[in-house]
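Asker: I'll drop the sequence and a predicted model, then ask my questions.
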Amino acid sequence: MLKEFKEFITGGNVIEFAVAVIMAGAIGKVVNGFVNLIVMPVVGHFSGGVDFSDKKIVLDAAVVDAAGAVTTPENAIMWGSWINTIISLVIIGLVMFIMIRSYNKMKKKEEAAAPAGPSDNDLLKDILEALKK
């Protein structure tokens, strides 16, 4: 069982998957930074200076004691952060679409450039004729 696990974990697919997960995390951070630091300020500018990351619906206000310490934190629906997340999702989807589209075009060019050899049926017919002789 240990040998099988070693073969599985050192196999190409697992390593490729691990690299893909790490790259996806890095791309996610870049896209979130792009949305929060570049896109949303532009959106806020054109919407009258609104900062969406602070937009929320307060369900229960924070309870503060006489000393000014928060005893019960605020309970709120953070809909502005959710909008930022939706914009991130759309941008990630667009980037993935462009990457896959480019990959598919590259693959089609490679397939078209590959020389067309005899089909399997042609090879089998040749073998059959050779056996008959």
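Answerer: Everything's here; your move.

Asker: tell me which residues in the helix or strand containing residue 106 are buried?
Answerer: Counting by DSSP states H and E, the element that carries residue 106 is helix 79-113. For helix 79-113, the neighbour count (16 or more other CB atoms under 10 Å) marks 80, 83, 84, 87, 88, 91, 92 as buried. Glycine gets a C-beta too; all of them are placed from N, C-alpha and C.

Asker: ok, now which ones touch the second one?
Answerer: The neighbourhood of residue 83, defined by CB atoms under 8 Å, 6 or more residues apart in numbering, consists of 52, 55.

Asker: With residue 38 as the reference, measure out to it.
Answerer: In this view, residue 83 and residue 38 are 15 Å apart by CB to CB, to the nearest Å.

Asker: next one: the last one
Answerer: Plainly put, residue 92 is 15 Å away from residue 38 if you go by CB to CB.

Asker: Show me the strands in the protein, by range?
Answerer: Secondary structure of the chain (DSSP state E): strands at 57-60, 63-64, 70-72, 75-77.

Asker: The third one - contacts with which helices or strands?
Answerer: Packing contacts for strand 70-72, counted by 3 or more CB pairs under 8 Å, 6 or more residues apart in numbering; DSSP states H and E, involve strand 63-64.
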